[in-house]
Structures are given as C-alpha cells and as structure tokens.
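My questions are about this predicted structure, shown below with the sequence.
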Amino acid sequence: MPANIVKDEVVLKVDHLKTYFDATKGLFAKKQTVKAVDDVSFEIYKGETFGLVGESGCGKSTLGRTIVKIYEPTAGSIEINGRDIAGIKGDELKSFRKDIQYIFQDPYASLDPRMTVGEIIKEPMKIHGIYKTEEEMDARVSQLLRTVGLKPDHIRRYPHEFSGGQRQRISIARTLALDPKFIICDEPISALDVSIQAQIINLLEQIQRELDISYLFIAHDLSMVKHISHRIAVMYLGQIVELGESHEVYTNPMHPYSQALLSAVPVPDPVKGKEKERIMLQGELPSPIDPPSGCPFRTRCPYAMERCAGERPQMKMYGSRQVACFKVEEENS
Amino acid sequence: MENQFDKKLQDIEADDALFEKLEDSEKDSEFIAVEAKTYFQDAWKNFKKNKLATIGLIFICLMLLLAVFGPIFSPYTYDQQDLTSRNALPSLQHPFGTDKFGRDIFVRVMYGARISLSVGFASAFINLIIGVVYGGFCGYFGGKLDMVLMRLVEIIYSVPTLLYVILVMLIFGSNIFSVLLAICISGWVGMARQVRAQVMSLKEQEYALAAKVMGAGDSRILFKHLVVNSIGPIIVTTTHMVPSAIFTESFLAFVGIGISIPQASWGTMASEARGLIMNQPIQMVWPVLAICLTILSLNFIGDGLNEALDPRKRV
C-alpha cells in the first residue's frame, strides 16, 4: 500500500455539496427534483487514496462529476488547494482543470474513436498550450506511453485497435499529460477483465508513489477499494453515511448500511464463507426524487426507530470514524 | 514457514534445467500486428467493394471532366446556330445530332452538365455548412433556445419548395443564382435535423465529457469531437442532396422557370425537345439520359458511402 500521506495538506475539500437535477416532465407538470448528491462533506489529503463506495444509483459518479464540474453544483463548495471552484467559469475554471482530472469507467467510450492515440494524449496539452512545438509534444507522449506500459510506436494507432486494459492505460496517460494533483477514478476497473484489473490498480498505485497524486476512487468492488484506499466513505442515496480509515471500516463497520454492504463481500474460503452471516436488505433503493423523511436508510434499516423518521442524523465523530446514525449515537453515549 | 518457502524458491531458481527461455517474440505482448489504417482508408476499401457505387463514381468523374473541359475542346459553342443542318441525326460531326436551330446537342449536354452539376454540388455544399452549424448548435446547447430554433426549422420545412422558388424568381429574376438560393432556402433543414440528432446523442458520450474535463471549449468539443464523429451520416446526407438538387433544377428549367434560354440546362433542353417529340424523339433522349444516369450514379454513390462509412452496415 502506498504511504507518505501529508495529513495537514488538504488537496480537495468538499463542503455541504449538493447536486440537484430538475426532473420535471412536460411543460405543466409538478416540479420535481432529483437529489443526486445531498449535503456531502469530506477532505482528501495529499498523496491519499479516498475510496467511495455504495450501490448503483446512490450518486457516487454524480459526486465525482460535480467535483470536476461536468455538472454544476446546486449548493456548497469545492475547494482545490484552498480555492473554491464551485462558482467559477470560463478561463478561471480552465486553469483549475489542469490540477484535477477524471478517469472514466468505460475505456471503450472515453476515447474519441476518430483520433489516434497520439492526438488523444496531445489534446490536453494543446488545450492548455503547455508545449510550443510538435516535437516536444511527441517526446512527452512517448514518455507518457512508456509510463503506462505501452510502446511509443502506438502513437499512430486508433483506440479500436487496443484491448480494454490497454485503452484504460491510454486514458490514464491522457490524464497524466497535464500533471494533475488530483485524479478522480470513476470505477476505472469495473469494465475490465479480472486479470487486467490488478494491472491497472498496480499502475495507479505506482503513479501515486512516483508523482504524489491523490485519488478519489469510486467503486462498488469493496475488496479492491479496501486494498487501494487509505480511507473509505460509504454513500447511500446521495449522502455519506460512514467515513473512516479503510481497514477499520472494513473490519468493523458501524452504520447498519455499511454492515449490510460489507456482509455481501464474498469470502474466498468456503468454510469461513459459511460461517459468515449475510445481512439481507429489504426492499429497493428509494427514488432520489422522493427520498424518505429523516434518515435516508430508515426504510430498509433493520434497526429503524421512530426518531429516524423525524430528523436526519448528522455525521458524528467516534474516534477516527464519522457515522451518521441515531443507533450508533445512542450506543456510544 | 516463510524461510522454508524462500529456500525452496532459491532451489528452483538454481535449477536452470527447469526453465525455458522465452522466445523474443513472446515478450512483446503489447505488439499490434494489424497495419495501422485511418478511418477513410478503411472506408475507401469498403467503398471499392461495392461495384455499383464504383461505376457511379467513375461516371460522375467522367461527367465532371466533360463538363469542365468538354466545351473548351469542342468546335461548336452552346448557342452557335447552323441553319443549314437543322434537326440532324447523330453523325461524326455532331455525335448527338443537332436541334431545331442547328445547335450541336453534344456540346449543349456538356454545357448543361456544368449548370446541373454546379447547382447540385454548390447547393449541397451550402446546405452542408448551414445544416452542420445550425444543427450542431441546437443539439449541443439544447434547452429553450433549441426548442425555438427547431420550431423555426419546422415552419421553413412546412412551406412547399415550389413556393420559395417562385418567390425568389419574382424578386431576383431567372438565373442560376436564384435557382441556387431557392434550393438552399429549405434544403439545409434536413441536414440540420440529422446533425442535431447525432450531436444530441454523442454529447453524452464519455469522450465528450473527457474533453470537457480537460478544459476544451464548446466549439472544440462540438467541431473536433461531435461533428467529426457524425461525419458518416453527414457525408451520406450530402451525397443524397446533390441528386435532389439536380432534379429540382431540371424540373424548374423544364416547366420554364429557372435558367433562361439560350443557356442550356438539361431541363431546358428536354423542354425544347418536347415540341419535336413526334418527329425527332432522339433529341429528347440525350438530356433525359444525362439526368437519369447522373442522378442514378449519385444515388449509388450515396448508398455505397452509407455502407462504407457505417461499420454496422458492413457485411
């Protein structure tokens, strides 16, 4: 596992971030909003990998995409190196784009099929005017291709000539072209073969060690997240319900949702696997258009109390852990 | 336990006989054997496989050569009358014969090709530019502006083309530019719709989002990524616009609005030959044949391109 996190140097600080989408259908229909990200706060340190887990549709990707401003935040702040980028636009925003990059989930869709590998990797350099001459750019592209384990003579190839793992490495090379300080990895391995997944993860870890980059690692494969992350945040219906050191959360989840999520991780040993008790959740993920009152998890929570319906639990510190749950609050008071 | 394992590992490593040297070629796992090919090289290879489309392309190229150079090398001009040899049948001097004023039909057909092909290609080009910019703009920005602009498109589309033509002719007179203008007023609408639909679906693709994250501006994303990726349907729509413009021009000339005599267009020639259809049917054959073969060829080319540029349609 990569080390050297600089705890007092915060690279990214997200504060009470909200991303709502308008889901009103038709001209005269009742106004509806999807609360995809609802009041999320966390910090990421320099050189750290921050894992973000949760089931499909809980707002993980939306959170990631809001941080890089693919979507506009509805409220809250996104601070990069101490500067809020939530409201900025145009050239001011462009200068921040260099510091923060995004690796997409689908390596088949994230590379423009009509561009050669060289053009793809050069594009960010051209946009930001980093290099003056074509030769300088070519040299940098070759170097980047070698960094990700491809050959410099792949420069004239088209993306469709590569395998999934190779393409994901091309897209990693593209994000590195701008020397970012922070990369959001949006399920970068979920579309890949298991044998290739380890390759990509190792590459990401190696890059982190060499370049001191911080990651926000979005995934639903919990064992992989535990392996790569220093800290983990568990997300449910647009909110973070638990946040703590990766190992602690993994071995001793406190929030009922984290417990259910972790009980679903398969165990390689069949004998141990039988002993393990699986918590089955009742019902479906509620619609973010019409979320439950109070705690978002109460409709599926085995420990739901009256209080849970009335007010929303806030994140509270328990040692190094933050949990938003009234049951945990009562047990620890 | 671990020490034991290490020792065993050393033992294995020491025993060279257990190992086999990897072939040099096997080390190179990232090598790609297929020759690098661009999109258009690939499309050209597929286009050539289509016989009809290739014949069409050859025919159109010949037609273009004849239109550009034919009248220069011909001993006659399009309006040169020779009253001594009126309504002559095809001969060595006049390969297609002469018309009722003794004008050489072959040179008039070549001259007509100039007008028909230039109207066809020019209007397709203008429609291409307007349609791509308008449709791209609507599709990319979307929202209320898009709604207003697309309603405007529907209004333009709902008025019959002939009405525009007659209006334009009234204001600007009968000449080639009026014909061009009349065809283009409503011609770009189809292209705009096509491009808008393409851009709308492509802008949600991850490579477009990736460009945005890199800091690319709207015009770069729109023209370098989205339009370039819709190039297949755009080219196909453009090729189908050419024959329809040629047909419109010929039709207008035939009914007497459009290019004015003595200028020769395939439509005016057919119109003039109509009076003699009982005595000299051969005079009708040449312009009609030229129109038919040109439109047919262009349609074959369009279909060939459609297949060659769309990977899903390849066999």
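It's in.

CA atoms for contacts and neighbours, from now on please.
Will do.

Now do the longest helix anywhere in chain A: which elements does it pack against?
Longest helix in chain A, counting residues (DSSP state H): helix A:194-211. Helix A:194-211 is packed against helix A:164-176, with contacts defined by 3 or more Cα pairs under 8 Å, 6 or more residues apart in numbering or on different chains; DSSP states H and E.

and the helix it packs on, how far out from the chain's middle?
The chain centre lies 17 Å from the centre of helix A:164-176; the measure is Cα atoms, centre = their mean, to the nearest Å.

by contact count, what packs against it?
strand A:100-103, helix A:117-128, helix A:134-147, helix A:194-211.

now check the helix or strand residue B:184 falls within, is it near chain A?
Using DSSP states H and E, residue B:184 sits in helix B:176-202. No - judged by Cα under 8 Å from any Cα of the partner chain, helix B:176-202 stays clear of chain A, getting no closer than 10.3 Å.

immediately after that helix, which helix or strand?
helix B:206-214.

so what does that following helix touch, helix or strand wise?
So helix B:206-214, by 3+ Cα pairs under 8 Å, 6+ apart, packs with strand A:100-103, helix A:117-128.

Which helix or strand lies directly C-terminal to it?
helix B:218-220.

one step back: please identify the deepest-packed of the helices and strands packed on helix B:206-214.
strand A:100-103 (a mean of 26; mean count of other Cα atoms under 10 Å in any protein chain shown).

need the residues of the stretch 201-315 of chain B near chain A, please.
B:205-216, B:225, B:228-229.

What about those residues, which one has the most neighbours?
Among these, residue B:214 has the most neighbours (other Cα atoms under 10 Å in any protein chain shown), with 28 neighbours.

Hmm, residue A:96 and that residue touching each other?
No - look at residue B:214 against residue A:96 with Cα atoms under 8 Å: they stay out of range, at 9.7 Å.

now the helix or strand residue B:115 falls within against helix B:176-202, angle please.
Following DSSP H and E, one finds residue B:115 within helix B:105-141. Put simply, helix B:105-141 runs at 40 degrees to helix B:176-202, going by axes from the mean of the first three to the mean of the last three Cα atoms, to 10 degrees.

Helix B:105-141 close to chain A?
No - Helix B:105-141 lies out of reach of chain A by Cα under 8 Å from any Cα, never closer than 14.1 Å.

residues from the stretch 51-200 of chain A in reach of chain B?
So the stretch 51-200 of chain A meets chain B at A:68-70, A:94, A:97-98, A:101-102, A:104, A:106, A:109-114, A:124, A:127-128, A:150-151, A:156-158, A:161 (Cα under 8 Å from any Cα).

Now list the buried members of the residues you listed.
A:68-69, A:94, A:97-98, A:101-102, A:104, A:106, A:109-114, A:124, A:128, A:150-151, A:157-158, A:161 (16 or more other Cα atoms under 10 Å in any protein chain shown).

So which of those residues sit within helices?
Among these, the members found in helices (DSSP H) are A:94, A:97, A:124, A:128.

Quick check: the two most widely separated of these?
A:94 and A:124 (11.0 Å; Cα to Cα).

what's the overlap in contacts for the two?
Residues touching both residue A:94 and residue A:124 (Cα atoms under 8 Å, 6 or more residues apart in numbering or on different chains) are residue B:215.

Phi and psi next, for the residue nearest the centre of chain A.
Nearest residue to the geometric centre of chain A (Cα atoms, centre = their mean): residue A:218, 3.0 Å. Backbone geometry at residue A:218, expressed as degrees, to the nearest 10, gives phi -90, psi 130.

and what of residue A:55?
Dihedral angles for residue A:55 - degrees, to the nearest 10 - are phi -80, psi 170.

Quick check: residue A:225 touching residue A:185?
No - assessed by Cα under 8 Å, residue A:225 is found out of contact with residue A:185, at 11.3 Å.

what do those two both touch?
residue A:217.

What is the burial count for the nearest residue to residue B:138 once chain neighbours are set aside?
Take residue B:138 and drop its neighbours on the chain: the residue closest to it by Cα to Cα, 6 or more residues apart in numbering or on different chains is residue B:146, 4.7 Å away. Per other Cα under 10 Å, the neighbour tally for residue B:146 reads 18.

And residue B:146, which helix or strand is it part of?
Short version, using DSSP H and E: residue B:146 is in helix B:143-158.

So residue A:37 lies in a helix, does it not?
No - counting by DSSP: H, G, I helix; E, B strand; the rest coil, one finds residue A:37 to be strand, located in no helix.

What residues are recorded as beta-bridge partners of it?
Note on residue A:37: beta-bridge partners residue A:19, judged by DSSP bridges.

Run a quick neighbour tally on it.
Neighbour number of residue A:37 under other Cα under 10 Å is 29.

how far away is it from chain B?
19 Å (Cα to the nearest Cα, to the nearest Å).

Would you agree that residue is in contact with residue A:236?
No - the pair residue A:37 / residue A:236 is not scored as a contact, 9.6 Å apart, by Cα under 8 Å.

Show me where the stretch 201-333 of chain A has its strands.
Listed from the start of the chain, the stretch 201-333 of chain A has strands (DSSP state E, counting those that start in this stretch) covering A:214-219, A:231-236, A:239-245, A:316-318, A:321-323.
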